[in-house]
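**Student:** 3D, please:
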Amino acid sequence: MPEIAPLRRIVSKAVPLPLPNIDTDIITPMERIMDGKFVEFAFEALRFDADGAPRPGCALDDPAYRDAEILIAGANFGCGSSRETAVWAVKGLGFKAVISESFGDIFSSNCFRNGIVPVVLPAAAITALLDAAQSGETLTLDIERRVVEQEGGDRYGFEIPPLRRTALLEGLDDLQLSLRLADEITTFESRDRAERPWAQGVAMESERPLGTARKPE
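**Tutor:** Reported below is the predicted structural model:
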């Protein structure tokens, strides 16, 4: 897995993409995964017509949003199959955060694992932010304070699991985050051995290679 950079604050224009139910096959079609062009052709059905010509008016390719690091999407973004390439493509397009009413569960988890912030906000906030994006406003997304702010001062708080927030702020992947808890894990395992010695025996039995017999005691 590529190294994840710490992410504390994003100040950027936002790309408005208010269509609901954009699934992972729209984000990365299987044929583009197979030919290795899933970033170049991310959201292909939305960006190109049947002849491969760019669709006029698609915000994803609008020069007004060049270098935008925030995507504001319709509800249920990233639903469908559990392909991590969808998150890789979103990141490959330069986005560091996606704001939506809701996400596919696996897509949301994959965002965190790849250093992207999936921000869930209510419909009214999404509508206001879409208007701001379409007018070219710069938004500020602060992971540390868990808030999205408009230029005029309106702000919208969001929730984020504490461990996921720590991982984003410090640039940690899942393994590095787990290693931070090594002492707690060791303490739990020691206590569990004392309280449930029978469970340790079951675990050892389950780990024996198939086809091997238990030695007589």
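
**Student:** hey, where'd the helices end up in this structure?
**Tutor:** 24-27, 30-34, 44-47, 85-92, 105-113, 123-134, 162-170, 174-180, 182-195, 197-206 (DSSP state H).

**Student:** Nearest to L7, out of those?
**Tutor:** Between L7 and those, the tightest spacing by Cβ to Cβ is seen for helix 162-170, at 4.9 Å. For every residue, glycine as well, the C-beta is placed using N, CA and C.

**Student:** Mind listing what's buried along the closest one?
**Tutor:** R164, R165, A167, L168 (16 or more other Cβ atoms under 10 Å).

**Student:** Just give me the neighbour total for the residue nearest to the first one when sequence neighbours are not counted.
**Tutor:** Right, R164. Nearest residue to R164, sequence neighbours excluded (Cβ to Cβ, 6 or more residues apart in numbering): F112, at 4.8 Å. The number of residues packed near F112 is 22, by other Cβ atoms under 10 Å.

**Student:** So F112 is in contact with P118, correct?
**Tutor:** Yes: applying Cβ atoms under 8 Å as the test, F112 and P118 come out as touching, 7.1 Å apart.

**Student:** JSON lines please, covering the helices of the chain and showing distance to N76.
**Tutor:** What follows is the helices of the chain, written out as JSON lines (distance: least, Cβ to Cβ, whole Å):
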{"stretch": "helix 24-27", "distance to N76": "11"}
{"stretch": "helix 30-34", "distance to N76": "20"}
{"stretch": "helix 44-47", "distance to N76": "16"}
{"stretch": "helix 85-92", "distance to N76": "13"}
{"stretch": "helix 105-113", "distance to N76": "10"}
{"stretch": "helix 123-134", "distance to N76": "12"}
{"stretch": "helix 162-170", "distance to N76": "20"}
{"stretch": "helix 174-180", "distance to N76": "25"}
{"stretch": "helix 182-195", "distance to N76": "35"}
{"stretch": "helix 197-206", "distance to N76": "38"}
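
**Student:** Listing partners with orientation, what would you give for the longest strand belonging to the chain?
**Tutor:** Ranked by residue count under DSSP state E, the longest strand found in the chain is strand 9-17. The pairing partners recorded for strand 9-17 under DSSP bridges are strand 70-73 (parallel), strand 138-142 (antiparallel).

**Student:** Alpha carbons of the shortest one, as PDB, please.
**Tutor:** Think strand 70-73. The C-alpha coordinates for strand 70-73 follow below in PDB (Å, rounded to 0.1, in the frame of the first residue of the first chain):
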ATOM      1  CA  ILE A  70     -13.200  18.000  -2.700                       C
ATOM      2  CA  LEU A  71     -16.000  16.100  -4.400                       C
ATOM      3  CA  ILE A  72     -19.600  16.700  -3.400                       C
ATOM      4  CA  ALA A  73     -21.700  13.700  -4.500                       C
END
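
**Student:** Pull the distance from it to the chain's centre.
**Tutor:** On the basis of Cα atoms, centre = their mean, to the nearest Å, strand 70-73 is displaced by 12 Å from the centre of the chain it belongs to.
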